Structure formats: structure tokens, C-alpha cells
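Asker: Quick one, what's the 3D model for this:
(one chain, ligands or ions: 2)
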Amino acid sequence: MTQTEIDGATACDWTVSGMDCGSCATKVRSAVGRLPGVSDVEVGIMTERLRLTLDETQTTRDKVEKTVRSLGYGIGPRTDAAKKEFVMPGDGTDTHGDGDHTGHDHASGTDAIARDASGHGGPGHVHDDPADRGKSWYRTGKGQLVIFTALLLAAAWSVELIAPQIGSWAFVGASLIGVAPVARRAVAALRVGQPFTIESLMTIAAVGALFIGAAEEAALVVFLFAVGEVLEGVAAGKARDGIRALANLVPKTALLDTDGVIREVPAASLVVGQIVFVRPGDRIPADGDITEGTSGIDESPVTGESVPVTRGPGEGVFAGSINTEAVLRVTVTKAAEDNTISRIIRLVEEAEEARAPTERFIDRFSRWYMPAIVAIAALVIVVPPLALGQAWDTWIYRGLALLLIGCPCALVISVPASIASAMSTGARRGLLMKGGAVIEAAAQVSHIAFDKTGTLTHGRPRVTDLVTFGATTQAELLAVAAGVESGSSHPLAKAILNKAEEAGVTPLAAADAKALPGSGVVASVGNALAWVTSPRYASENGGLDAENLAKATIFEEEGKTAVAVYRENQPFGLIAMRDEPRTDAADAVRQLSAMGITPVILTGDNPRTAAAIAGSLGMQFQANMMPEDKLAAIRTMSEQGGVMMIGDGINDAPALKQASVGVAMGSGTDVALETADAAILRDRVTDIPATIRLSRAAMANIRQNVTLALGLKAVFLVTTVFGLTGLWIAIMADTGATVLVTLNALRLLRFDPEHEA
Ligand SMILES: Nc1ncnc2c1ncn2[C@@H]1O[C@H](COP(=O)(O)OP(=O)(O)OP(=O)(O)O)[C@@H](O)[C@H]1O
Ligand SMILES: [Zn+2]
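Answerer: Residues are numbered from 1 along each chain as shown. Ligands and ions are numbered 1, 2, ... in the order given. Below you'll find the predicted structure:
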């Protein structure tokens with residue numbers, strides 16, 4: 001496992017296999033959590049992950065692993081997702097249809113997750129372990145239990161045929177042998193303080209059935225339980241494929257070019273500065289810059305945008321993208337674990353721990369559900385015979401059947417399975433959400449606040465007009481303005497610097513540049529201060545007279561942004577710039593309105609420019625907003641419901657934090673990923689409605705699952721008490737619900753968030 005020291009305690013990280021239902025995670029969490037010196041336990045069912053902080057003076061890592069194994073799960077050290085090699089071949093990972101990228105992007109079948117070979121596979125070990133992945137079901141631990149119990153059952157039936165007088169004893173034998181591995185797990189769970197597990201209920205029910213002479217049914221229940229476990233494992237495995245598919249997008253090997261000598265090396269071993277050779281059709285093995293060659297790059301694994309973009313020397317490429325046309329040489333700029341795609345995978349993986357409120361509620365609910373069912377079962381067994389003088393056998397039988405529906409598995413798996421599916425569907429399209437909590441909040445948003453520059457517009461304004469005052473020439477105006485702006489990263493600054501370059505004007509040397517947030521920049525140029533600011537600020541500070549302010553106003557009414565350039569008592573002129581709205585912005589706004597969401601522009605720009613742009617997009621706006629005004633506006637909107645804030649993630653971090661969901665958008669991928677709750681990696685405004693559609697679909701899916709799980713339990717609770725259904729139906733209902741719920745969650749993998757409902 002990977003480890004990091006934190007104040008004497010160690011952060012540990014394992015891969016745990018065989019956790020296919022929600023109560024499995026609970027079992028592991030509380031068993032491990034009871035060990036002394038263990039804290040911050042996080043268990044991910046979808047990611048098969050166990051993380052905790054360990055004080056090794058109190059409990060050894062070995063002890064933790066033993067505890068998990070005693071419960072019947074496999075445990076092994078965890079490796080970074082990007083380096084992880086899955087045994088399962090890359091099924092369904094090819095988002096591009098042609099499926100034959102000549103290259104080396106297939107998962108190697110040999111090195112499975114490294115795990116210590118000791119201590120596995122004891123007789124009580126029925127769950128699969130990491131090595132079971134990708135094996136046919138009948139070769140897994142669970143599969144063998146199915147075969148074993150089936151053989152026992154068949155043997156018992158044969159005995160009954162041949163020698164009917166000892167037939168029932170054969171079933172007793174079959175039940176006892178079949179239930180033994182399950183009982184062993186029940187005892188292990190009991191030892192770590194968990195009396196109520198599906199295994200213990202199962203054991204009591206099977207043994208109890210023997211006592212009331214229902215031996216044949218007991219054997220059948222043991223067999224069906226084993227079948228259910230296999231089915232649950234298959235369903236959970238399918239749900240995990242979504243995440244695994246992402247990891248498979250990173251090639252395992254790279255062609256390293258050392259002074260013209262090309263040799264194949266593991267992609268994980270690449271270091272910054274090395275040059276890799278990428279053939280057409282190959283996936284790019286690392287984030288890097290092209291040093292040689294120009295080719296169409298399909299970046300869909302990272303951004304979801306599958307139309308190839310042409311990239312040439314000096315331009316950056318992402319690991320996992322496909323080189324579609326020509327041979328490239330790429331200089332590695334990031335180590336494997338820092339690659340954008342690795343960070344996306346990590347984000348998707350860790351998201352399971354940011355649990356949705358609904359999920360936390362279900363966890364609390366399921367904690368009392370099982371004991372409550374046990375109590376009801378006890379009452380059902382005891383009360384009718386004692387109070388009403390009914391037959392003990394009948395009511396014991398019904399009570400035992402009740403025990404079998406006491407497992408909250410289906411309920412507890414429902415949320416993580418839906419969330420994991422939704423997250424991987426999103427990730428494939430460049431829609432990243434950091435977990436269930438974000439998905440749940442996004443589904444409930446009523447207002448969306450858009451930053452204007454860089455989100456609704458391209459964020460690349462161009463200078464359209466230069467107005468000079470008095471004796472100033474255009475070149476002078478540009479030289480001063482460009483000088484002042486040379487230290488600024490504001491989009492307007494870039495526009496002015498670009499214009500100066502185009503016009504062949506050298507910016508004047510400037511010093512001590514200072515941003516006036518929401519207003520402009522000031523710097524000393526020559527021996528005096530010079531300003532580039534909004535016309536309003538300029539006119540308030542003596543840099544713009546009324547007549548020229550009116551000129552600026554005209555530009556603004558045309559949807560342009562004007563800035564005034566001046567020195568103390570010396571106005572130079574006006575520069576007007578235009579930032580085009582993104583082509584899909586109007587469509588996105590329409591889609592959002594149709595979904596019942598109110599989109600609003602919050603901008604630091606002036607009301608006239610804002611009105612021109614808002615008007616063309618058909619939305620509301622609030623202008624002249626200082627950064628703190630944006631925060632206040634979001635707070636006000638929050639009073640009417642959830643607010644999503646869309647920004648570029650660079651200069652609006654506080655507003656993104658204030659909103660219930662902060663979404664960073666656009667090519668600022670690097671920053672965007674870390675600063676916000678969600679990120680949109682393509683420059684598409686329509687991905688905002690898509691994100692909300694996906695979130696709503698995920699929450700609807702969760703609601704269906706919870707209803708289904710609880711509904712089935714309720715129905716069988718009643719039919720069992722009234723004696724309409726018996727033991728084996730009860731066990732089928734339990735696993736059936738888990739399988740149905742997981743399969744329903746899988747539908748989200750095929751959900752198309754871009755499609756309007
Ligand atoms: N570097 C700068 N150069 C010139 N003017 C600036 C600069 N920075 C800010 N301003 C002026 O202040 C106004 C508000 O700037 P601010 O950065 O708050 O908003 P914005 O980023 O332009 O717009 P939005 O809030 O929609 O992203 C701008 O419209 C401009 O008039
Ligand atoms: Zn389970």
C-alpha cells in the first residue's frame with residue numbers, strides 16, 4: 001500500500017475485493033474501525049478501496065489485513081490508478097468505435113495488482129480476491145461455493161431417490177456442509193462486534209430450518225445464497241467497469257526516444273523531459289508538448305471532445321488522447337501520476353468518499369433496519385404460539401424467512417452504484433463532478449450564475465476601436481496601455497498587448513503595476529502613474545471628461561467593453577474591445593430555461609455591455625459587480641434555492657466556493673480540476689445543462705432504486721408474515737433486489753446527458 005506519514009500515524013491505502021453490497025462496506029468499516037490506533041476509515045465499494053490512518057505502535061498493518069481477510073474479503077496493496085494494471089481486458093473502453101488503435105494501449109494480462117501471496121485462500125475464504133478479477137465466474141471463490149453447494153444438493157437428491165428413508169439426513173448433511181463457510185464468516189464478523197450480518201442471519205435461518213425439519217429447503221437456501229453472491233459480484237463488477245475503463249485509457253507502455261534510439265518502456269516510468277515517439281493510431285502515453293510533427297489529436301478521453309484538433313510543435317497534448325494522423329515526438333511535461341487523466345481518475349475514485357446526503361441517510365437507516373427485522377422475526381416466532389396458541393413450527397418457519405429479508409444490501413448499494421455510473425458517464429464527456437454530494441446539489445439547482453468573460457464568451461476579446469484625445473497618436477495610446485497591462489493576466493490586458501504587437505508598437509517600460517480589482521490597473525510609466533480602467537472609474541477620478549464618457553457609452557451599447565487610458569490630468573484615449581459570445585451560449589441558456597432554471601450573468605463589466613450580451617442570449621444580468629458583490633448576489637439567490645456558479649476557475653474562486661455548486665469551465669483544465677466542485681473540460685456552454693441533466697438522472701435513478709429496494713422488502717415482509725412465501729423466496733427476493741438495483745444503476749452508463757428530454 002502507499003503510505004504517507006502524518007504526525008506519527010500513517011495513512012494507508014489498500015485494495016479490498018469481494019465487497020459487492022453495501023453491508024459489506026459497513027462490515028469492513030466497523031471491523032477495522034474498532035482496532036486500536038485506527039482512524040479516518042474510508043471504504044469505497046465501487047473503487048474497492050480501504051483507506052485509514054494507522055498508529056502502528058498500536059495495530060500493525062498485518063493485523064488490519066488479517067481482520068479484513070477474516071471477514072472473507074481479499075486485500076492487497078493499492079497502486080496508483082494510472083499505473084494500475086487490470087487483468088480484465090479493455091472491454092468497452094474504446095470510446096471511438098474503430099477499436100483497432102494499432103498500438104500498445106491494451107491492458108497487459110500478466111501483472112495483476114501486486115499483492116502479497118501469503119494468507120489468502122484459507123478454507124473460509126469465499127469472496128474473490130484481486131486475482132479473481134476477470135476470471136470466469138466458476139473459477140472465483142464465490143463461484144466455487146455455488147458449484148460446491150449445487151453438488152451437495154444434487155447428491156442429497158440422489159440419496160433421497162435411492163434411499164428415501166435417509167433422504168432427509170442427506171439434506172441435513174448438505175445444508176451443514178454448505179453453510180459452514182458462511183457460518184465461519186458470520187463468526188468472524190461476530191468477533192469484531194457485528195452480530196447482525198447477512199451471514200449470521202443466513203446461518204441462523206439454515207440451522208433453524210433444520211430444527212423444524214425443513215432440511216431440503218435449508219439446503220436450497222444455502223445454494224441460492226451462493227448463487228446470489230455470484231450475481232451480486234457480477235453486477236458490482238459491471239458497475240466498476242465504468243471507472244476501470246477510464247484507467248484503461250492510459251497506455252501502459254511508451255516508445256521512449258533516446259537520441260533516435262526507440263525502445264518500449266512502461267509509461268509509468270517516464271520522467272519529465274524525456275521524448276516519446278507516438279505513431280499514428282497510438283494513444284499518447286504522457287502529458288507533454290509536441291516537439292516534432294503536426295497531427296490531429298482526438299482528446300476525447302480527457303475532454304470528451306471527439307472531433308480531432310490539430311496540434312503542432314510547441315502545443316500541449318494530454319495522456320490518453322489518440323494521435324490520429326502523423327508521427328509525433330512529444331516531450332514529457334508531467335510524470336504519470338500527475339497527468340491530467342490520472343488526476344481525473346483519482347477525482348472519480350475519491351469522489352465515492354464525498355457522499356451524498358441521501359446516501360448518509362440510507363446508511364443511518366440501514367444501521368437500525370437489520371436489528372429491527374431481527375426483533376420483528378423474534379416476535380413473529382414467539383407471539384402467535386404463546387398468545388394465540390398457534391403451532392410453533394409454522395411461526396418459527398415464518399420468523400426464519402423474515403430473517404432472510406433483513407439484509408439491507410440492495411438499499412445500501414443503490415446510491416454508490418448510481419453515483420459511480422453517473423460519474424463515469426460524465427467523465428467520458430469531460431463533465432467532472434466531485435462525488436455524490438455535488439451530484440445531489442447539482443440536481444437541485446434553481447439559479448445559475450454565469451461569469452461573463454471566458455464562460456459565456458470566448459474570453460479572448462479583440463481590440464475593435466482606438467480613440468485618441470488631443471495630440472496623442474494611436475501608437476502612443478497603445479504603447480502606454482500595453483506598458484501598464486504588461487503585468488496583467490486579465491483577458492482585456494491580453495487583448496491590448498496583442499493589438500500592440502500586431503501594430504508593431506513596443507509597450508513602454510512600466511513598474512509597480514497594481515490591479516484595481518473590478519476597475520482596472522495602475523502602474524508607473526516613466527516618471528508618473530498611468531491608468532487603464534473602466535470608463536466609470538476614470539470619470540470618477542478625473543481621467544475622462546463627460547463628452548468622452550459618452551463616446552465610451554456608445555461602444556458599450558454595441559456590446560463592446562471600453563477602457564480609458566490616462567495619466568494624472570492627461571487623458572490619452574479609449575480602447576474598445578469585443579469578446580464574442582460562444583456560439584452555443586444562446587442554446588445553453590434556452591435549454592436551462594426549459595429545465596426551469598434561471599440563468600443570470602454576474603459581471604464586473606458595465607451594464608450596457610452586459611445588457612447587449614444578455615439580451616442576445618435571452619437572459620438576466622447584474623453588472624458593475626465587484627468580486628464581493630458577486631458573493632452577495634450568490635448569497636441572495638441561495639435564499640430561493642440551490643445556486644450553481646460557472647466561472648473560469650482562475651479569478652473567481654471565492655464565488656465558486658460560495659455557490660452550492662461551483663463549476664469551473666474551459667481550457668483552464670489544470671486549475672479548474674482542483675478549484676471547483678465540478679469542472680467542464682470542453683469549451684461548451686451546453687455542457688452545463690448536460691451536467692444538470694446527468695445529475696437529475698442520477699438522483700432519479702437513486703430514487704427508483706430506493707423505492708425498489710424498500711418496496712420489495714415491504715412486500716416480502718408482509719407475504720412472509722402471512723405465510724404466502726417461504727424461505728427460498730425470501731433469499732431470492734434479497735439477492736434479486738440487489739441485482740436489480742445494480743442493473744438499474746448501470747443504465748446511467750448509457751445515459752446521454754446531451755440529449756434534451
Ligand atoms: N487589466 C485590466 N485592464 C483594463 N480594464 C480592466 C482590467 N481589469 C479590470 N478592468 C475593468 O474593470 C471591469 C471589471 O473587471 P472584472 O475583472 O471585475 O470583470 P471581467 O472579468 O472583465 O468581467 P466578468 O466579471 O464578466 O468576468 C472591466 O470591465 C474593465 O473595465
Ligand atoms: Zn454483502
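Asker: ok, longest helix in this structure?
Answerer: When the chain is scanned for its longest helix (criterion: DSSP state H), the result is helix 687-721.
Asker: Any buried residues in that one, and which?
Answerer: The neighbour-count criterion (16 or more other Cβ atoms under 10 Å) identifies 687-699, 701-702, 704-706, 708-710, 712-713, 716-717, 719-721 as the buried residues of helix 687-721. Where C-beta positions appear, they are placed from N, C-alpha and C, glycine not excepted.
Asker: now swap in stretch 28-48 and tell me
Answerer: Neighbour-count burial for stretch 28-48, counted by 16+ other Cβ under 10 Å, picks out 28-32, 35, 37-38, 41-48.
Asker: can you tell me the residue of the stretch 451-600 of the chain closest to ligand 2?
Answerer: residue 595 (37.6 Å; Cβ to the ion).
Asker: okay, now that residue: neighbour count?
Answerer: Around residue 595 sit 15 other residues, with neighbours defined as other Cβ atoms under 10 Å.
Asker: right, and it touches residue 692 too?
Answerer: Yes. Residue 595 sits in contact with residue 692 when judged by Cβ atoms under 8 Å, with a separation of 6.5 Å.
Asker: Walking through the stretch 251-400 of the chain, point out its strands one by one.
Answerer: For the stretch 251-400 of the chain, the strands identified by DSSP state E, counting those that start in this stretch occupy 253-258, 261-266, 275-278, 288-292, 295-298, 309-311, 316-317, 322-323, 328-332, in order along the chain.
Asker: Need these in TSV (columns: mean neighbour count).
Answerer: Putting the strands of the stretch 251-400 of the chain into TSV (neighbours: other Cβ atoms under 10 Å) gives the following:
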stretch	mean neighbour count
strand 253-258	19
strand 261-266	12
strand 275-278	23
strand 288-292	18
strand 295-298	20
strand 309-311	16
strand 316-317	20
strand 322-323	27
strand 328-332	21
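Asker: Same list (these) but as TSV, adding distance to residue 655 and mean pLDDT.
Answerer: Conversion of the strands of the stretch 251-400 of the chain to TSV gives the following (distance: least, Cβ to Cβ, whole Å; pLDDT from 0 to 100):
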stretch	distance to residue 655	mean pLDDT
strand 253-258	40	90
strand 261-266	42	90
strand 275-278	40	93
strand 288-292	32	93
strand 295-298	33	90
strand 309-311	30	90
strand 316-317	28	89
strand 322-323	36	90
strand 328-332	35	94
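Asker: any chance of those strands in JSON lines, plus distance to ligand 2?
Answerer: Compiled in JSON lines, the strands of the stretch 251-400 of the chain are given as follows (distance: least, Cβ to the ion, whole Å):
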{"stretch": "strand 253-258", "distance to ligand 2": "37"}
{"stretch": "strand 261-266", "distance to ligand 2": "36"}
{"stretch": "strand 275-278", "distance to ligand 2": "44"}
{"stretch": "strand 288-292", "distance to ligand 2": "44"}
{"stretch": "strand 295-298", "distance to ligand 2": "40"}
{"stretch": "strand 309-311", "distance to ligand 2": "46"}
{"stretch": "strand 316-317", "distance to ligand 2": "43"}
{"stretch": "strand 322-323", "distance to ligand 2": "39"}
{"stretch": "strand 328-332", "distance to ligand 2": "43"}
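Asker: JSON lines please, covering these and showing distance to residue 601.
Answerer: Conversion of the strands of the stretch 251-400 of the chain to JSON lines gives the following (distance: least, Cβ to Cβ, whole Å):
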{"stretch": "strand 253-258", "distance to residue 601": "45"}
{"stretch": "strand 261-266", "distance to residue 601": "48"}
{"stretch": "strand 275-278", "distance to residue 601": "42"}
{"stretch": "strand 288-292", "distance to residue 601": "35"}
{"stretch": "strand 295-298", "distance to residue 601": "33"}
{"stretch": "strand 309-311", "distance to residue 601": "28"}
{"stretch": "strand 316-317", "distance to residue 601": "30"}
{"stretch": "strand 322-323", "distance to residue 601": "37"}
{"stretch": "strand 328-332", "distance to residue 601": "39"}
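Asker: Show me which residues of the stretch 501-650 of the chain sit near ligand 1.
Answerer: If contacts are counted using Cβ under 6 Å from any ligand atom, the residues of the stretch 501-650 of the chain sitting beside ligand 1 are 518, 519, 520, 521, 532, 533, 534, 561, 563, 603, 604, 605.
Asker: closest to residue 204 among those residues?
Answerer: Each of these was scored against residue 204 by Cβ to Cβ, and residue 603 proved nearest at 65.8 Å.
Asker: what's the nearest residue to the closest one if we skip its chain neighbours?
Answerer: Nearest in space to residue 603, with sequence neighbours left out and distances taken as Cβ to Cβ, 6 or more residues apart in numbering, is residue 452 at 4.0 Å.
Asker: ok now do the one you found, which residues does it touch?
Answerer: With contacts defined as Cβ atoms under 8 Å, 6 or more residues apart in numbering, the neighbours of residue 452 are 579, 601, 602, 603, 605, 610, 613.
Asker: nearest to residue 636, of those residues?
Answerer: residue 602 (11.0 Å).
Asker: wait, doesn't that closest one sit right on residue 655?
Answerer: Yes. Using Cβ under 8 Å, residue 602 and residue 655 qualify as a contacting pair, with a distance of 7.5 Å.
Asker: I appreciate the help and will end here.
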